[in-house]
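Peer 1: Next input, structure requested:
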Amino acid sequence: MIDAGYFAVARYSGRSSDKNFVKHLDMLKSELDKDKVSILGPSIKATYNGPFTPPQLRRNEAMYPIEWND
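Peer 2: I've put the predicted structure just below:
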């Protein structure tokens, strides 16, 4: 279970391999660092489709919990 909060998310398609996840996670972290957004915890990998879904139709997300001030 994941606690409620604010998350920065990079959505991507394709296989849910570790290599693909790390690629998008690194891009997300780079943008958060550039925008000086504080990351509050470890990364999270979310996958939403079964293995028989064509890769171009799969939905995956790389995310970090962040500190967000309204």
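
Peer 1: and residue 57, how far is that from residue 22?
Peer 2: 22 Å (Cβ to Cβ, to the nearest Å). Where you see a C-beta, it was placed from the backbone N, CA and C, and this is true even at glycine.

Peer 1: now swap in residue 1 and tell me
Peer 2: Taking Cβ to Cβ, one finds residue 1 at 24 Å from residue 22.

Peer 1: Looking at these two, which is more packed in?
Peer 2: residue 22 (13 against 2; other Cβ atoms under 10 Å).

Peer 1: wait, is the more buried one part of a helix?
Peer 2: Yes. Remark: residue 22 belongs to a helix, assigned using DSSP: H, G, I helix; E, B strand; the rest coil.

Peer 1: Tell me the confidence at it?
Peer 2: The score at residue 22 is 95. That number is its pLDDT.

Peer 1: before we move on, what about the one 4 residues further on?
Peer 2: With respect to pLDDT, residue 26 scores 96.

Peer 1: Tell me how many other residues crowd it.
Peer 2: 12.

Peer 1: Can you show me the strands along the chain?
Peer 2: 6-12, 44-47, 60-66 (DSSP state E).

Peer 1: Tell me which of those sits most buried.
Peer 2: Each of the strands of the chain was scored by mean neighbour count; the highest is strand 60-66, a mean of 20, by mean count of other Cβ atoms under 10 Å.

Peer 1: Tell me the bridge partners for residue 65.
Peer 2: With DSSP bridges as the criterion, residue 65 is bridged to residue 7.

Peer 1: isn't it right up against residue 5?
Peer 2: Yes. Using Cβ atoms under 8 Å, residue 65 is in contact with residue 5, at 5.3 Å.

Peer 1: any shared contact partners between these two?
Peer 2: residue 40 (Cβ atoms under 8 Å, 6 or more residues apart in numbering).

Peer 1: Show me the residue at the heart of the chain, geometrically.
Peer 2: residue 62 (1.3 Å; Cα atoms, centre = their mean).

Peer 1: ok, now which ones touch it?
Peer 2: Residue 62 makes contacts with 9-10, 12, 21, 24-25, 28, 43-46, as judged by Cβ under 8 Å, 6+ apart.
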